[in-house]
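S.K.: need coordinates for the below:
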Amino acid sequence: MAGGVPGRAGPSPLHRAAIILAFLLVAAPALAAVGRPEDRLRDPALESRAQEIGRELRCMVCQNQSIEDSDADLARDLRRIVRERVAAGDDNAAVMRFIHDRYGDFVLLRPPFTPVTALLWAMPLIALGGGLAAILLRRRRPGASGIEPAPLTEAERRRLAELERGNGA
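M.R.: All right, here's what the predicted structure looks like:
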């Protein structure tokens, strides 16, 4: 083997494939950002602002992703609108208001606290309280575990009596 360690073969094809796969998994978030370079703003400061705004907006197709992380067509359209508004000179609040006025509270990853969204904001506390209440009620009931101890056998009773007398050493 020329130039290598004597007696040792190079990486196997499977090992190479694993390295390439690991690299692709690590690089995926960077590749998944705004997919097409022509959609990005030329000014890095404006592009950074647009990405910051995009991370606050929900993809209404994916629902648990920001528009910056989504590949859906609607997310792509929203990214384009955000970049147009940023390039037109709107500040972050104006861009968010522009999108919010057209799509409502659902487009915001952090919707405002209003009477309509109060249950949404309170749900984690309600779920936590309900879970704790269920645990406490279950523990307070006698025999709540559902497991009754098995009665002692005659041999176990004799051994216990010996231990209580002090003869069980």
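S.K.: from now on I want contacts and neighbour counts done on CA atoms only, so please keep to that.
M.R.: Noted.
S.K.: chain neighbours aside, what residue packs nearest to the one residue sitting closest to the centre of the chain?
M.R.: Centroid check for the chain by C-alpha atoms, centre = their mean gives residue 64 as the closest residue, at 8.5 Å. In space, and not counting its chain neighbours, residue 64 is closest to residue 58: 6.9 Å by C-alpha to C-alpha, 6 or more residues apart in numbering.
S.K.: with residue 61 instead?
M.R.: Nearest non-adjacent residue to residue 61 (C-alpha to C-alpha, 6+ apart): residue 72, at 6.8 Å.
S.K.: report pLDDT for that neighbour.
M.R.: According to the prediction, residue 72 has pLDDT 89.
S.K.: now do the contacts for it.
M.R.: For residue 72, the contact set (C-alpha atoms under 8 Å, 6 or more residues apart in numbering) comprises 59, 61, 62.
S.K.: among these, the buried ones, what's the ChimeraX command?
M.R.: Here is the ChimeraX command that picks out the buried ones among the contacts of residue 72, judged by 16 or more other C-alpha atoms under 10 Å:
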select :59
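S.K.: quick one: which of the contacts of residue 72 is nearest residue 90?
M.R.: Relative to residue 90, the closest of the contacts of residue 72 is residue 59; by C-alpha to C-alpha it sits at 21.3 Å.
S.K.: mind listing the helices for the chain?
M.R.: All helices of the chain, identified by DSSP state H, fall at 13-32, 44-54, 73-87, 92-103, 118-140, 154-165.
S.K.: tell me which of these lies nearest to residue 148.
M.R.: With C-alpha to C-alpha as the criterion, residue 148 lies closest to helix 118-140 of these, at 14.8 Å.
S.K.: could I get the buried residue list for that closest one?
M.R.: So for helix 118-140, nothing qualifies as buried (16+ other C-alpha under 10 Å).
S.K.: so where's this structure uncertain?
M.R.: 1-10, 26-38, 142-146, 167-169 (pLDDT under 70).
S.K.: at 90 instead, please
M.R.: 1-46, 60-64, 69-72, 103-106, 108-123, 137-150, 165-169 (pLDDT under 90).
S.K.: related to what we said a few turns ago, how much space between the residue nearest to residue 64 and residue 84?
M.R.: Look at residue 58 and residue 84: by C-alpha to C-alpha, to the nearest Å, they are 18 Å apart.
S.K.: thanks a lot, catch you later.
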